[in-house]
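S.K.: Compute the structure for the input listed below.
(2 chains, ligands or ions: 2)
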Amino acid sequence: MLRRYTSLYWFFLIQRFKILMEYRLNFFIGLTSTIFLQAAGLLGIWVIVSQVPDLNGWTLDQVLLIYGLLTLAKSINHMFADNLWVIGWGYVRPGGFDRFLVRPINPLFHLLADRFCHDGLGNFLVGAALVIVSSINLHLVWTPLNLLYLIVVVISGGVIFIALNLITATSAFWIIESIPVTQIVFNTHEFARFPLTIYPKAIQLFLTILIPYGFASYYPATQILGRDPGLLAWLPPFVALVLAVFSYRVWLFGLKHYGGTGS
Amino acid sequence: MSIIHVQDLSKVYRIVEKDPGLAGSFKALFRPRYKDILAVDRISFTIEPGELVGYIGVNGAGKSTTIKMLTGILLPSGGAVRVLERDPYQQRVPNARDIGVVFGQRSQLWWDLPLIESLNFIQRIYEIPPASFKRRLDEFAETLELKALFGTPIRNLSLGQKMRAELAATLIHDPQVVYLDEPTIGLDLLVKERIREFIKAQNRQRNVTVILTTHDLGDIEEICQRVIMIDAGRIIYDGPLSLIKARFGKFREITLETASPIGLFALPTGAEIVQQADQRLTLRFDRTVTTASQVAAAIMNQLEVADFSLAEPDLASIVKQIYSGALHA
Ligand SMILES: Nc1ncnc2c1ncn2[C@@H]1O[C@H](COP(=O)(O)OP(=O)(O)OP(=O)(O)O)[C@@H](O)[C@H]1O
Ligand SMILES: [Mg+2]
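M.R.: Ligands and ions are numbered 1, 2, ... in the order given. Next up is the predicted model:
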């Protein structure tokens, strides 16, 4: 099962790149535009952190590590699950979603595999660069165990992003145009660019329990930096798992309401 | 053993009425206003392996909705469907391996990929063994005349070429049941003819069960032995095509254009008015009672006719006649 889907994903990916190569210019524009967008975001962080020299005791490099982790997690969502954004106008409205439901593979897999989004590669590179640069500046030592932790939390963060988008994307089965709903939830990840301790308790709780982007950035960062990490620093994979299961349930529930469009 | 069982099947679409814009989206999400549309209303039928069934009805009758429930796309609101002993919604993946679906209005092929790559894609998705894939490919290259098109991206194919490619993609995994929702829409007569031949041949050679919706009664006449007619979500006829033909085949319609506004005239024997406008008159007559030339002559004696044409009655008029009891007569 897993082998079948992995090899199928490769096949989808190869086809996707064949198509992208037909539109080579778009490919490079997409790739570089995300890097430019990221540069703008970084500039914002730099301005804030340098204006406020003491961000609850967090230095610029430490904040950049948080931001790097968040960007890596976000890039996973961007690369592998970007179709969750466009499910409404791209698939439900024009009727292409019907086709996914009559093919002998999981419809959600089909939807996600249908479009690997190479723009996310730009995000991934920026995120990786941020983690590398900040850890050099911070003289972090990457033991194999630390490295394993990093990989696990980045993947968990990616899953958290994807699961939250999956929940909001499911609204397309009722209202078709799901982007505004996804946007609202997704945008709260911006708060998770900073150490959560700078926020009032309510926002901290919000980003930990309700919309747990905190597990994609701040909590793992406390562990990597050794800034009195608590139990929460070990939770990202579990939060990701629970959220993944829950979001898939929501998705299946939504499918029952799927009515497609006329004709 | 029947291959398809449909029992009291219904579908209600619950649509959310939504105001435009962002605010509208949110209002719809949190305080939805619903409207229910009963698209399919307690229909029942069974279909035997190898049958060729025409599923017909006017626009909005509920044909596509039925097909979508049979294929496992939609969850029925009531009743039961079994296809090859399975519930197509609950057992979607195994069901999908054994069926093929054409939606005439949209393609399942990858717009930017050459046809052969699209077909390779489908081979991977359906896990078709290479040997039988190759065999089918060679067969379709011949029967659907696809050989010259394999290298062409789908976006560059004409409508007729696209539909031939679509049929190849739908049948390449050797399905037992094929649902064709308006496979001849927008095609010219020559392509239609070829597609009808192909469908019949597939049925003959592999005993594929075919369920076909169309607005073209010519498709039905050439392909199907059995007709199920649906109107406003209810089945109004299920039986042999020959009965429909015997009842309605004897009717013809004649439309006459007159040079000046139509005044008073006497109706020729065996004819009745279908529609009358200022300078346009459509009559229906029973061929067993009278002939086209007798009807035309009778009218021409009374009115100044500029032009006239003959036609078989269309679906809408057959539906109307069924309601008025034509099949029980
Ligand atoms: N996704 C949907 N949401 C709401 N109503 C729908 C939807 N799809 C179809 N309907 C409605 O259900 C009824 C049946 O539609 P359906 O598409 O099954 O008809 P049809 O017989 O296939 O018609 P056509 O010949 O035009 O294709 C129509 O009143 C239609 O407006
Ligand atoms: Mg239809």
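S.K.: Please enumerate the helices of the stretch 151-300 of chain B.
M.R.: B:159-171, B:189-206, B:217-223, B:241-248, B:292-300 (DSSP state H, counting those that start in this stretch).
S.K.: Make TSV out of those helices and add mean neighbour count.
M.R.: For glycine as for every other residue, the C-beta is placed from the backbone atoms N, C-alpha and C. Shown next, in TSV, are these (neighbours: other C-beta atoms under 10 Å in any protein chain shown):
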stretch	mean neighbour count
helix B:159-171	21
helix B:189-206	16
helix B:217-223	19
helix B:241-248	15
helix B:292-300	16
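S.K.: out of those, nearest to chain A?
M.R.: helix B:159-171 (9.8 Å; C-beta to the nearest C-beta).
S.K.: and the closest one, anywhere near chain A?
M.R.: No - with C-beta under 8 Å from any C-beta of the partner chain as the criterion, chain A is not reached by helix B:159-171; the gap is at least 9.8 Å.
S.K.: who's in contact with that helix?
M.R.: The contact list for helix B:159-171 (C-beta atoms under 8 Å, 6 or more residues apart in numbering or on different chains) reads B:100-102, B:104, B:107-109, B:115, B:118-119, B:122, B:136, B:140, B:144-146, B:149, B:152, B:154, B:157, B:178, B:183-184, B:186-188, B:190-191, B:194-195, B:198-199, B:202, B:208.
S.K.: Would you mind splitting chain B into its domains for me?
M.R.: B:49-245, B:250-312 (automatic domain parsing).
S.K.: Check the ones you listed for me and report the most buried one.
M.R.: domain B:49-245 (a mean of 19; mean count of other C-beta atoms under 10 Å in any protein chain shown).
S.K.: Determine how far it lies from the middle of the whole chain.
M.R.: Averaged C-alpha coordinates place domain B:49-245 at 10 Å from its chain's average position (C-alpha atoms, centre = their mean, to the nearest Å).
S.K.: By mean pLDDT, flag the weakest helix or strand of chain A.
M.R.: When the helices and strands of chain A are compared on mean pLDDT, DSSP states H and E, helix A:24-51 comes out lowest with a mean of 77.
S.K.: what comes up buried for it?
M.R.: Neighbour counts using 16 or more other C-beta atoms under 10 Å in any protein chain shown place A:27, A:30-31, A:34, A:38, A:42, A:45, A:49 of helix A:24-51 among the buried residues.
S.K.: Low-confidence regions, chain B specifically.
M.R.: B:249, B:313, B:315, B:324-329 (pLDDT under 70).
S.K.: Give me the residue ranges of the stretch 101-250 of chain A where confidence is low.
M.R.: Checking the stretch 101-250 of chain A against pLDDT under 70 turns up nothing.
S.K.: Please name the nearest non-neighbouring residue to the closest residue to ligand 2 within chain B.
M.R.: Of all residues in chain B, the one sitting closest to ligand 2 is B:S64 (3.1 Å; C-beta to the ion). By the measure of C-beta to C-beta, 6 or more residues apart in numbering or on different chains, the closest residue to B:S64 outside its immediate chain neighbours is B:D181, 5.6 Å from it.
S.K.: Quick check: the one you found touching B:V101?
M.R.: Yes - with contact defined as C-beta atoms under 8 Å, B:D181 reaches B:V101; the gap is 7.4 Å.
S.K.: okay, and the common contacts of the two?
M.R.: Contacts common to B:D181 and B:V101, judged by C-beta under 8 Å, 6+ apart, are B:I67.
S.K.: just to revisit the earlier point, as JSON lines, the domains of chain B with distance to ligand 1 would be great.
M.R.: Formatted as JSON lines, those follow (distance: least, C-beta to the nearest ligand atom, whole Å):
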{"stretch": "domain B:49-245", "distance to ligand 1": "3"}
{"stretch": "domain B:250-312", "distance to ligand 1": "19"}
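S.K.: got those domains as TSV, with distance to A:L205 columns?
M.R.: Listed next are the domains of chain B as TSV, based on distance: least, C-beta to C-beta, whole Å:
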stretch	distance to A:L205
domain B:49-245	37
domain B:250-312	71
